[in-house]
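*Asks:* dropping the sequence and predicted coords here.
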Amino acid sequence: MSSSSEGPLDEFLKKIERKVREVEEAIAREIEKAIKELKYEERETKIFAESVEPLYTVRDLGDRLVVYVDIPYADAGKVDVWFEENVMHVKAKLRSRLDVGSWSERYRGVGVEEYDLSVTLPIKPKPEKTRVRVKRGVLEVIVYK
Amino acid sequence: MSTFREEVIGGFRFIEYKPLEMERPSVLLFSLPDAGLVSVISASHIVSTLGLEEVGDVEFPELAHIAVVREGLPRSPLRIYAGRSLAAVFTDVAISPAAQVMLASAVVDYARLRGVDYVVSLSGIPSPNRLDLEELKTYYVSSNRRMAEVAEKSGAVTLKQGVLVGAYAALIRESVRKGFNSLLLLTECFMEFPDPEAAARGLQVFSRITNINIDTKKLLEEAELIKIKTRELMRQTTGVMKQMRKDMEYSPFLYA
């Protein structure tokens, strides 16, 4: 039997194969979603170190994503934002080293010097369709879809 | 520290080390972490600038495993402070939504039992456009007309419609049900970022209501450091707000 003349059994098997693939993809999506949710629910307290992760929030406003990153005491001239695929990276230097040890004995000798953040976005940003500004110690990144 | 009085109200053990004697009209400030940590930042500023004294603790099984250490002494994360005419029930630990609701109800009863004239909560109302707001508004929700007049005279604006989610919603509803004077002052704020500027604005209104002078200069000067210091509390509070569906506050509701 030649490969070009497929019978009803081949059609049926291909259909099953397609369905299996769809189910596999759906399961993979669900697992990925569950992992993301688990990460979101993560409660552990992040410790202070030379580099700290700032607070951030992502809003989907239909035609654009807006990412707000709280970077108090950052030097507005030393804020870097760049993208790798769909990951947004932020690095921001503080105006001076913050001695966290003065707040708590546990942090004796620890000082914060910069913010460091990587956020996975649901889309791949295009640099020409991205706007960045810093206001009131908050970095706003608008990524147009 | 010896105990003056212990009383269990709604599952919470209110322990006083001194009698709560205040001049009238007396105010009880109720504060726990919420949107923008406005409440906690405001209460913390009041306690430090007015030099309110720690006069008691509130014990609750959910918080029994946490001790806040001050000058080598362990205290409950939920504490009672008092001054001449102002007391505060305050925590800077994120507590579960269910416990928040129970605590709000217990605080109303505690205030009634101690003869407090009214309860005020200084909190935030998350604004999606907060970054571009230059003049912050403070809204009020009151348990009765009398408290509404007090708020209006002090520059707060009526929250004409909207949804409140959290301990303060429970506090005001319980106050209405029990016929008690309560007032929520809600200043426009960031939801997920600490907002000392909003706290300062709320404190100005609170200052006019209570006739207590509260200087917010230091609070504004130290705003950036406060934001860094409270970063982890904000992160934990955001988790609790997510559990209680705080984002419902963004949703406009239709009323007949």
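*Replies:* Now that the structure is in, tell me what you want to look at. Residues are numbered from 1 along each chain as shown, chains lettered A, B, ... in the order given.
*Asks:* does the residue most central in space within chain A belong to a helix, a strand or coil?
*Replies:* Per Cα atoms, centre = their mean, the C-alpha nearest to the average position across chain A is that of A:Val119, at 1.9 Å. Secondary structure assignment for A:Val119 (DSSP: H, G, I helix; E, B strand; the rest coil): strand.
*Asks:* what residues are up against the residue lying closest to it once chain neighbours are set aside?
*Replies:* Closest residue to A:Val119 apart from its sequence neighbours, by Cβ to Cβ, 6 or more residues apart in numbering or on different chains: A:Met88 at 4.8 Å. Every C-beta, even on glycine, is put in place using the N, C-alpha and C of the backbone. When contacts are counted by Cβ atoms under 8 Å, 6 or more residues apart in numbering or on different chains, A:Met88 touches A:67, A:81-82, A:117-119, A:121, A:125, A:141, A:143.
*Asks:* if we go to 10 Å?
*Replies:* A:56, A:58, A:65, A:67, A:69, A:81-82, A:117-121, A:125, A:130, A:141, A:143 (Cβ atoms under 10 Å, 6 or more residues apart in numbering or on different chains).
*Asks:* buried set for the strand ranked longest in chain A?
*Replies:* If you go by DSSP state E, chain A has its longest strand at strand A:87-99. Neighbour-count burial for strand A:87-99 flags A:88, A:90-94, A:98 (criterion: 16 or more other Cβ atoms under 10 Å in any protein chain shown).
*Asks:* what pairs with that strand, parallel or antiparallel?
*Replies:* strand A:74-84 (antiparallel), strand A:111-120 (antiparallel) (DSSP bridges).
*Asks:* state the distance from B:Arg146 to B:Gly179.
*Replies:* 11 Å (Cβ to Cβ, to the nearest Å).
*Asks:* which one's more surrounded, the two?
*Replies:* Each of B:Arg146 and B:Gly179 has its neighbours counted (other Cβ atoms under 10 Å in any protein chain shown); B:Arg146 has more, 12 against 9.
*Asks:* surely that one is in contact with B:Glu152?
*Replies:* No. Using Cβ atoms under 10 Å, B:Arg146 is not in contact with B:Glu152; the gap is 11.1 Å.
*Asks:* that's a helix at B:Leu220, yeah?
*Replies:* Yes. Under three-state DSSP, B:Leu220 sits within a helix.
*Asks:* tell me the most packed of the contacts of A:Met88, by neighbour count.
*Replies:* Going by other Cβ under 10 Å, A:Val69 tops the contacts of A:Met88 with 26 neighbours.
*Asks:* which residues touch it?
*Replies:* Contacts of A:Val69 by Cβ under 10 Å, 6+ apart are A:53-58, A:79, A:81, A:88, A:90, A:92, A:115, A:117, A:119, A:134, A:137-141, B:193.
*Asks:* residue numbers of chain A in contact with chain B?
*Replies:* Contact residues (Cβ under 10 Å from any Cβ of the partner chain) of chain A with chain B: A:40-48, A:52-57, A:59, A:61, A:66, A:68-74, A:94-95, A:98, A:100, A:103-105, A:112, A:115, A:133, A:135-138, A:140.
*Asks:* of the residues you listed, buried ones?
*Replies:* Looks like the residues of chain A next to chain B have A:48, A:52-56, A:66, A:68-74, A:94, A:98, A:100, A:112, A:115, A:136-138, A:140 buried, using 16+ other Cβ under 10 Å.
*Asks:* tell me which of these fall in strands.
*Replies:* Those of these lying in strands (DSSP E): A:52, A:55-56, A:66, A:68-70, A:74, A:94, A:98, A:112, A:115, A:138, A:140.
*Asks:* dump these to a markdown table, plus pLDDT.
*Replies:* Listed next are these as a markdown table, based on pLDDT from 0 to 100:
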| residue | pLDDT |
| --- | --- |
| A:Val52 | 91 |
| A:Leu55 | 96 |
| A:Tyr56 | 96 |
| A:Val66 | 96 |
| A:Tyr68 | 97 |
| A:Val69 | 97 |
| A:Asp70 | 97 |
| A:Ala74 | 96 |
| A:Leu94 | 95 |
| A:Leu98 | 90 |
| A:Val112 | 90 |
| A:Tyr115 | 95 |
| A:Val138 | 96 |
| A:Glu140 | 97 |
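*Asks:* Serialize those residues to JSON lines and add fields for distance to B:Ser142.
*Replies:* Listed next are those as JSON lines, based on distance: Cβ to Cβ, whole Å:
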{"residue": "A:Val52", "distance to B:Ser142": "40"}
{"residue": "A:Leu55", "distance to B:Ser142": "32"}
{"residue": "A:Tyr56", "distance to B:Ser142": "35"}
{"residue": "A:Val66", "distance to B:Ser142": "34"}
{"residue": "A:Tyr68", "distance to B:Ser142": "32"}
{"residue": "A:Val69", "distance to B:Ser142": "36"}
{"residue": "A:Asp70", "distance to B:Ser142": "32"}
{"residue": "A:Ala74", "distance to B:Ser142": "40"}
{"residue": "A:Leu94", "distance to B:Ser142": "42"}
{"residue": "A:Leu98", "distance to B:Ser142": "41"}
{"residue": "A:Val112", "distance to B:Ser142": "42"}
{"residue": "A:Tyr115", "distance to B:Ser142": "41"}
{"residue": "A:Val138", "distance to B:Ser142": "32"}
{"residue": "A:Glu140", "distance to B:Ser142": "35"}
